[in-house]
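1. what follows is a predicted structure for the sequence shown.
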Amino acid sequence: MTEETSAKMLTRLCRTDEVTPDTPLRVETGGEAYAVFQANDGYFFTADLCSHGPGSLAEGSLDGHEIECPFHQGCFDIRSGAPTAPPCFVPVRVWTPQVVSGELFIECE
Ligand code: FES
């Protein structure tokens, strides 16, 4: 579903209540897979695919703002996408979520 809000084209990824700090969510839309996280200070989007290999970051475990990939236990900061533990050395892409009426949207390019 796409929706025009404040002259920006946004694509809905999920409801806010579908994601908790203990349960990140993988969402596929528009040919892309995103990992949606909730931390104490808000929501965060990263690419779901780990930059090191086939790991799904949405299937990893979140500790604060650090997501641990379930495949080789490399880590990333979900705020910046920066790698924080080997074997990950290449950042993953991040986006800033838009929260509208209890739903999370990503800004389309
Ligand atoms: S696939 Fe993620 S750490 Fe290797």
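-> Sure thing, it's come through.

2. was I right to think Ala85 contacts Cys69?
-> No: counting by Cβ atoms under 8 Å, Ala85 does not reach Cys69; the two are 9.0 Å apart. Every residue, glycine included, has its C-beta placed from N, CA and C.

3. shared neighbours of the two, anything?
-> Any residue near both Ala85 and Cys69 by Cβ atoms under 8 Å, 6 or more residues apart in numbering counts here, and that gives Cys75.

4. list the buried residues for stretch 17-32?
-> By 16 or more other Cβ atoms under 10 Å, the buried positions in stretch 17-32 come out as Val19, Pro24, Leu25, Val27.

5. of those, closest to Tyr43?
-> Closest to Tyr43 out of the buried residues of stretch 17-32 is Val19 (7.1 Å), distances taken as Cβ to Cβ.

6. doesn't Tyr43 make contact with the closest one?
-> Yes: between Val19 and Tyr43 there is a contact under Cβ under 8 Å: 7.1 Å.

7. got the phi and psi for the residue nearest in space to the middle of the chain?
-> Of all residues in the chain, the one closest to the mean position by Cα atoms, centre = their mean is Phe45, 2.7 Å from it. Main-chain dihedrals, Phe45, degrees, to the nearest 10: phi -120, psi 130.
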